[in-house]
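Undergrad: I need the structure of the sequence given here:
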Amino acid sequence: MTDRERPLPDALFKAIIDALPESVAIIDEQGHILYVNAAWLDFGRKNDLHAPDAWQAINYLQVCRAAADHGEPDGEVVADGILSILCGESPGFYYEYPCHSPDQKRWFMMRAVPLQWAGQRYCIISHHDITERKLAEERVETLAYLDGLTGIPNRRHFDAVLAQEWRRASRMGTPLALIMVDIDHFKQFNDRYGHQAGDECLRRIGRTLHGLVHRAGDMAARYGGEEFALILANTELPQASKIAEEIRAAIQALGIRHEHSPFGQTVTVSLGAAVAHPHKGDQPSCLIEMADQALYAAKEAGRNQVAICTASPMVSATDTM
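TA: Reported below is the predicted structural model:
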């Protein structure tokens, strides 16, 4: 027998598996752990799971089922996936899951594959740390939901949150308010001061709106162009009107110079506020339409003011300054 044909010793196989950065375990058909590699042992030590010599006394399937019984749905999914391999019903199983520690976000990917040896069926389980990739995905997702100019949520994020809060309001029987904000005479501002000044104006107004949002479920977003929107959960019309007036006053108080503005030569905004009580089958687009109608009414009435709208006709909420 040549060196190439001679089987590798068991010690070398063990050394190879222990050299892998992934945590690896081998279980039998009943789910009992037969072997774990060095990375698995190291993870167990760092997370106070089990003593190094205790792993072989554990049934991995039972651990997964117990986790499911304690409210962790991942446990049931993993147990079923491994069982499908041990029963010969599946060629493999792949699953990504969070495993956050008290001071660190962590995610892992689990892969399980079958192993046939000496007429027996086994399952090789490996866990890969994918935290770096998940954090990168979170950063990309966050950027995808932020407006590149103002740094506040963009239209895409607005649409998602409005749909979410609409469903919540329908389920809870609570009101949902929407305020649309439009910068008065913004084209003239850009023409007079240039687009760089226009961008800075948008940034300052975006920061101001974002600073006025404090509650969970509320959000300020750039809706498009010089238009912004605020979602206010569980808010009735009087409160929405009051908040809209606070926004109008806060933006005028910024004192952004605007020679073509008739209101003290500073940048001002017009606002339309609307409130809906969503019911099953209603769509959030109707709330947007109501707020848009109110915004149009505020502009038609002279700008730099708030108009409100419910299912009834619009009412002027503030006088022209």
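
Undergrad: any low-confidence regions in the stretch 1-150 of the chain?
TA: For the stretch 1-150 of the chain, the stretches flagged by pLDDT under 70 are 1-9, 50-52.

Undergrad: Please enumerate the helices of it.
TA: 10-19, 38-46, 60-69, 73-86, 131-144 (DSSP state H, counting those that start in this stretch).

Undergrad: Residues contacting the fourth one, please?
TA: When you say that, I think you mean helix 73-86. 27, 29, 31, 60-61, 63-69, 90-93, 95, 97, 110, 112-114, 121, 123, 125 (Cβ atoms under 8 Å, 6 or more residues apart in numbering). (Each C-beta comes from the backbone N, C-alpha and C, glycine too.)

Undergrad: what's the answer for the shortest one, then?
TA: Contacts of helix 38-46 with the rest of the structure, by Cβ under 8 Å, 6+ apart, involve 18-25, 36, 49-50, 52, 55, 127.

Undergrad: Name the member of the residues you listed with the most neighbours.
TA: Of all those, residue 36 has the most neighbours under the rule other Cβ atoms under 10 Å, reaching 23 neighbours.

Undergrad: Distance-wise, check that residue relative to residue 42.
TA: Distance, residue 36 to residue 42, using Cβ to Cβ, to the nearest Å: 10 Å.

Undergrad: With residue 104 instead?
TA: For residue 104 relative to residue 42 (Cβ to Cβ), the value is 16 Å.

Undergrad: Settle it for me: which of those two has more neighbours?
TA: residue 42 (12 against 8).

Undergrad: how near is that one to residue 201?
TA: With Cβ to Cβ as the criterion, residue 42 and residue 201 are 55 Å apart.

Undergrad: What of residue 263?
TA: For residue 263 relative to residue 201 (Cβ to Cβ), the value is 15 Å.

Undergrad: Look at the two and report which has more neighbours.
TA: Neighbours were counted for residue 263 and for residue 201 using other Cβ under 10 Å; residue 201 has more, 22 against 17.

Undergrad: Quick check: the more buried one touching residue 188?
TA: No - using Cβ atoms under 8 Å, residue 201 is not in contact with residue 188; the gap is 12.0 Å.

Undergrad: and stretch 188-199, how far out from the chain's middle?
TA: Chain-centre distance of stretch 188-199: 34 Å, with Cα atoms, centre = their mean, to the nearest Å.

Undergrad: who touches it?
TA: 149, 183, 186, 201, 257, 258, 259, 260, 267.

Undergrad: Narrow the residues you listed to those that are buried.
TA: 183, 186, 201, 258, 267 (16 or more other Cβ atoms under 10 Å).

Undergrad: Next, give phi and psi for the last one.
TA: The reference is to residue 267. phi -70, psi 130 (degrees, to the nearest 10).

Undergrad: Give the full set of residues in contact with the nearest residue to it once chain neighbours are set aside.
TA: Nearest residue to residue 267 in three dimensions, chain neighbours excluded: residue 256, at 4.0 Å (Cβ to Cβ, 6 or more residues apart in numbering). The contact partners of residue 256, taken as Cβ under 8 Å, 6+ apart, are 201, 204, 266, 267.

Undergrad: quick revisit: would you turn the contacts of stretch 188-199 into a markdown table with distance to residue 308 and secondary structure?
TA: Below are the contacts of stretch 188-199 laid out as a markdown table (distance: Cβ to Cβ, whole Å; DSSP: H, G, I helix; E, B strand; the rest coil):
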| residue | distance to residue 308 | secondary structure |
| --- | --- | --- |
| 149 | 29 | coil |
| 183 | 19 | strand |
| 186 | 23 | helix |
| 201 | 26 | helix |
| 257 | 30 | strand |
| 258 | 25 | coil |
| 259 | 31 | coil |
| 260 | 27 | coil |
| 267 | 22 | coil |
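
Undergrad: for those, which one is nearest residue 228?
TA: Of all the contacts of stretch 188-199, residue 183 has the smallest distance to residue 228: 8.4 Å, by Cβ to Cβ.

Undergrad: Could you measure from that closest one over to residue 105?
TA: 38 Å.

Undergrad: And residue 41, by the same measure?
TA: 24 Å.

Undergrad: what about the strands in the stretch 151-300 of the chain?
TA: 176-183, 219-224, 227-233, 269-276 (DSSP state E, counting those that start in this stretch).

Undergrad: count of residues packed around the closest residue to residue 166 other than its chain neighbours?
TA: Distances taken as Cβ to Cβ, 6+ apart place residue 284 nearest to residue 166, at 4.2 Å, with adjacent residues excluded. Residues lying near residue 284 (other Cβ under 10 Å) number 21.

Undergrad: Surely residue 284 and residue 168 touch.
TA: No - the pair residue 284 and residue 168 fails to qualify as a contact (Cβ under 8 Å) at a distance of 11.3 Å.

Undergrad: Might you report the residue contacts of the closest residue to residue 94 other than its chain neighbours?
TA: Once flanking residues are discounted, residue 94 sits nearest to residue 111: 5.5 Å by Cβ to Cβ, 6+ apart. Contact analysis of residue 111 by Cβ under 8 Å, 6+ apart lists 92, 93, 94, 125, 126, 128.
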